[in-house]
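Visitor: how would this look folded up:
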Amino acid sequence: MSNENPTSNTPEATASLAAPDGPTTGILSTEGAHAPVLQEARPDITDEGETVDLTRKTFADYGVEPEITEALADKGITHPFPIQALTLPVALEGLDIIGQAKTGTGKTLGFGIPLLMDTLGPGEESWDEDPAAGSPQALVVLPTRELAKQVATELGQAAAKRTVRIVEVYGGRAYEPQIEALEEGAEVVVGTPGRLIDLMERGVLDLAHVTTVVLDEADEMLDLGFLPDVEKILARTRPDRQTMLFSATMPGAVVALARRYMTQPTHIRAQDPGDDSMTVATVQQVVYRTHALNKVEVVARVLQAEGRGRTIIFARTKRTAARVAEDLEARGFATGALHGDLGQGAREQALRAFRNGKVDVLVATDVAARGIDVDDVTHVINYQCPEDEKIYVHRIGRTGRAGHSGTAITFVDWDDTPRWRLIAKGLGLPQEEPVETYHTSEHLFADLRIPEGVTGTLPRSKRTLAGLSAEVLEDLGETGRSRRDGERGRGGRSGRGGRSRDGERAGRSERNSGGRTERGSGGRAPRSRNRKRTRGGGAARSGD
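Guide: Numbers count the residues shown, from 1 in each chain. Below is the predicted model:
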């Protein structure tokens, strides 16, 4: 996880106050007042038109405690991204936030740092006297397993010098280890809606002491049908909690959720000045009309382009993703697959191999796009045309992250041309008519810097990566599938039914190793903490 944000690579952002329609309408933004703001929104306290250099300040300049700044510095993270710099001052005041930013802009630390600073872990002063001691004090809700695991990992890195216990809970793993982790004590819970509700109904997850709730990727949770579950979860938390909602887009149902469950939220948008597009400006986007039988040949040549690094290939169906991964592996490329027909152990194996550089090609279905957070993905290939512009944006958002450049290639079948025209028009892209392309087309080689003479097979001399088999496949005790020793895994079934579109809920369960990230104190003596548990200046809990 890289968060370096040098001044030379990241444009300066501005913070401005929207022209008010009334005394309570405001927006905190880096592009101006173009986003819909809830009528109950809190006015921004920034002077109108003030320009703030967000790239030179460090996390310490925003009041982040030394333990967290030191833990981040150990990972090479010293300067906040714009969404983090805009979010931190508001979040640290305990105010509700609606955050909008392009994918890959680093919002996890924007909500994660305030969340961790407001949480007391074992051994810290006043922890034993706190009514919430050992119970969840913060909750992060996300739509997919991969995204939950990713966010828990980032929070764990930021909390490396704290004693805060972070537990991740999601479907596809057995209940028992997650129940045991919660019973041992957890200050922060990161999970997906279905498993969170299952654990609540079993009486092992008590949200009565949760004072900070984060709803991440709210628009994706809407697409997967999770919003009713999210409302049920929010109803179990304190009414005076701090709520932070993050979403790339703001459809009506998400706005309605915010209006119902948030108190005078501050609306924050982070975007480079002058950039009104939904896609990242540093990403080269090319669109080709290709024949279904020729796509693998084209991909095999794209994967031999100059400067090609980690690559993600997106397919609409699980069957296509599996077939493409097998075809590319047979051609000599170090390839992994990520789709819903794989057990959780195999999915995590593929992601680890991709992050660890043992494979450099990952073939995934759409939902997996939300859980892949690797800064140095150089190429994204849409093997099949996305369903709509939102899916297109999320797919190509896997490249061009953290200030890097990238290349996005989209294949459009003849039947998909009308759909692509709608996507291009909706996003204001110039490539409304795909160029007919085959693996022998000269423009393919010129556009993507593919050396002349490459074939559809990777030469043996260039097969240098260890491959997927070099990454350990954990035996997670998955139920309903054969284990490597031929035995059946153990663990209870959810009983909540399956979730389509590779969603979080599953009838099968896997056993994990605890699902918990527990951080030590690093030998530091406990110290008192300043907690923000207030609404309107009043104490939210005795002992604060």
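Visitor: and the residue nearest to residue 182 when sequence neighbours are not counted, which of the three is it?
Guide: Using Cβ to Cβ, 6 or more residues apart in numbering and skipping residues adjacent in sequence, the residue nearest residue 182 is residue 204, 5.4 Å away. For the C-beta atoms, the positions are set from N, CA and C on the backbone; glycine is no exception. Assigned with DSSP: H, G, I helix; E, B strand; the rest coil, residue 204 falls in the coil class.
Visitor: start the count at 12, not 1, going forward
Guide: Got it, first residue is 12 now, which makes that one residue 215.
Visitor: can you tell me how far residue 215 sits from residue 138?
Guide: Look at residue 215 and residue 138: by Cβ to Cβ, to the nearest Å, they are 21 Å apart.
Visitor: now the stretch 262-411 of the chain, which segments are flagged as low pLDDT?
Guide: Per-residue confidence of the stretch 262-411 of the chain (counting by pLDDT under 70) places the weak regions at 282-292, 378-382.
Visitor: ranges for the strands of it?
Guide: Listed in chain order, the strands of the stretch 262-411 of the chain (DSSP state E, counting those that start in this stretch) span residues 277-281, 294-300, 321-326, 346-349, 372-376, 388-393.
Visitor: contacts only, for residue 455.
Guide: 299, 309, 312, 313, 448, 449, 461 (Cβ atoms under 8 Å, 6 or more residues apart in numbering).
Visitor: just for the stretch 412-555 of the chain, where's the confidence low?
Guide: Residues of the stretch 412-555 of the chain that meet the criterion pLDDT under 70 lie in 412-414, 486-555.
Visitor: residue 81 against residue 172, yeah?
Guide: Yes: between residue 81 and residue 172 a contact is recorded at 5.9 Å, counting by Cβ atoms under 8 Å.
Visitor: counting neighbours, go ahead and name the busier of those two.
Guide: For residue 81 versus residue 172, neighbours defined as other Cβ atoms under 10 Å are more numerous around residue 172 (21 against 15).
Visitor: next one: that one relative to residue 473, how far apart?
Guide: Computed as Cβ to Cβ, the residue 172 to residue 473 distance reads 42 Å.
Visitor: cool, residue 98 as well?
Guide: Separation of residue 98 from residue 473 (Cβ to Cβ) stands at 43 Å.
Visitor: residues in contact with residue 69?
Guide: With Cβ under 8 Å, 6+ apart as the criterion, the residues that contact residue 69 are 80, 89, 90, 91.
Visitor: what do you get for residue 118?
Guide: 94, 95, 98, 110, 112, 227, 257.
Visitor: could you dump those residues into TSV and include distance to residue 176?
Guide: Formatted as TSV, the entries for these read as follows, by distance: Cβ to Cβ, whole Å:
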residue	distance to residue 176
94	27
95	24
98	24
110	26
112	29
227	20
257	23
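Visitor: and the helices in the stretch 162-311 of the chain?
Guide: Counting by DSSP state H, counting those that start in this stretch, the segments of the stretch 162-311 of the chain that form helices are 186-195, 204-212, 229-234, 238-246, 263-272, 306-313.
Visitor: out of the ones you listed, which comes closest to residue 352?
Guide: Smallest distance to residue 352 across the helices of the stretch 162-311 of the chain (Cβ to Cβ): 18.7 Å, for helix 204-212.
Visitor: show me what counts as buried in the closest one.
Guide: By 16 or more other Cβ atoms under 10 Å, the buried positions in helix 204-212 come out as 204, 205, 206, 207, 208, 209, 210.
Visitor: surely the first one and residue 244 touch.
Guide: Looking back up the chat, that one is residue 204. Yes: in this structure, residue 204 is within contact of residue 244 by Cβ under 8 Å, at 6.5 Å.
Visitor: can you check which residues contact both of the two?
Guide: By Cβ under 8 Å, 6+ apart, residue 204 and residue 244 have these common neighbours: residue 152.
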